[in-house]
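Novice: just a sequence and a predicted model for now, questions to come.
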Amino acid sequence: MDCLFCEIIKGNIPSSKVYEDEYVYAFRDINPQAPVHILVVPKVHISSADEINAENSVYVAKIFEVIPEIAKNESLGGGYRVITNCGADACQSVKHLHFHILGGAQLIEKMG
């Protein structure tokens with residue numbers, strides 16, 4: 001079996017999709033940390049931010065092009081947070097690059 005997010009992208013594992021195009025797949029987190037918690041992933045397997053390079057950076061650019069669109073569709077006009085974790089010390093739980101969109105309420109300032 002491929003990684004969890006690769007399987008979700010392929011449709012082999014169900015998800016609550018909020019956005020999809022040829023580069024990007026976005027879905028609701030099953031363990032939300034805020035009223036709105038969406039994961040945005042590239043449709044190619046990139047293990048983490050450490051693996052972004054000239055050949056795959058177009059996927060990351062596309063992610064950041066659609067994040068504002070997703071935020072608008074989710075009524076996050078008051079603001080939102082975008083986070084990615086990279087490696088064990090940062091608690092990266094799935095080894096597929098992903099960005100968390102968190103919002104829908106006043107978020108705490110402290111990150112750790």
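Specialist: The structure has been received and is ready for your questions. Numbering: from 1, shown residues only.
Novice: A strand includes A26, no?
Specialist: Yes. Under DSSP: H, G, I helix; E, B strand; the rest coil, A26 falls within a strand.
Novice: need the contact list for it.
Specialist: 17-20, 38-41, 66, 70, 101 (CB atoms under 8 Å, 6 or more residues apart in numbering). Every residue, glycine included, has its C-beta placed from N, CA and C.
Novice: name the nearest residue to it, sequence neighbours excluded.
Specialist: In this structure, A26 finds its nearest non-sequential neighbour in Y19, 3.9 Å apart by CB to CB, 6 or more residues apart in numbering.
Novice: name the SS class of I9, please.
Specialist: helix.
Novice: who's in contact with it?
Specialist: Going by CB under 8 Å, 6+ apart, I9 touches 25, 41, 43.
Novice: cool, and V58?
Specialist: Y23.
Novice: work out which residue lies at the spatial centre of this structure.
Specialist: Centroid-nearest residue in the chain, with CA atoms, centre = their mean: V40, separated by 2.5 Å.
Novice: gap between K43 and Q92?
Specialist: Here K43 is placed at a distance of 19 Å from Q92 (CB to CB, to the nearest Å).
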